[in-house]
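A.B. asks: predicted model and sequence follow; I will ask about them next.
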Amino acid sequence: MNATPRSAAANPALSVQPGPTLLDGVLRADKIRHDTLVQLVQHWGVEQARLEIIDQLDALAEAVCSPREPDGELDALIQNVEDAAAMDDAEITLGLHTMRRLSVELYDTTRAVDRFGKQA
């Protein structure tokens, strides 16, 4: 049985498919990561902005590497990085064709996962 929806194989960078255990679905949206990195370094040429971004990334790195994170600290630190880099919301605009393709992938994935993971 091939659990990957038909259209996911055609465009894996933006796709929905069953996870490896067939108990959940996986949404892949590479463009969000691409846009995030581009936005992160967009103001890099301005020294003051770069220094602020680096300071916020250092604070985030310290929290990620620490043994324990107080509730909400990581979210706040990520927001600080986004603010320092003047980043937009992580979103993708979808055309009708892509929405239809993703709808089919989501439907196929839901059917596959529903067969094995009813308790979810």
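C.D. replies: Received the coordinates, thanks. Residues are numbered from 1 along each chain as shown.
A.B. asks: quick check: mean pLDDT across the longest helix along the chain?
C.D. replies: Of all the elements of type helix in the chain, the one with the most residues (DSSP state H) is helix 96-116. Mean pLDDT, taken over the full extent of helix 96-116, equals 92.
A.B. asks: residue boundaries of the helices in the protein?
C.D. replies: Listed in chain order, the helices found in the chain under DSSP H are 6-10, 30-41, 47-65, 73-84, 96-116.
A.B. asks: tabulate these (a markdown table), appending distance to residue 22 and mean neighbour count.
C.D. replies: (C-beta placed from N, C-alpha, C; glycine too.) Output for the helices of the chain, formatted as a markdown table (distance: least, C-beta to C-beta, whole Å; neighbours: other C-beta atoms under 10 Å):
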| stretch | distance to residue 22 | mean neighbour count |
| --- | --- | --- |
| helix 6-10 | 14 | 15 |
| helix 30-41 | 23 | 13 |
| helix 47-65 | 31 | 14 |
| helix 73-84 | 30 | 15 |
| helix 96-116 | 4 | 15 |
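A.B. asks: pretty sure residue 26 contacts residue 12?
C.D. replies: No. At 10.3 Å, residue 26 does not count as touching residue 12 under the criterion of C-beta atoms under 8 Å.
A.B. asks: mind giving me the domain ranges of the protein?
C.D. replies: Under the assignment automatic domain parsing, the domains of the chain span 8-30+91-120, 43-85.
A.B. asks: per-stretch mean pLDDT over the ones you listed, give me the minimum one.
C.D. replies: Looking over these, mean pLDDT reaches its minimum on domain 8-30+91-120, with a mean of 87.
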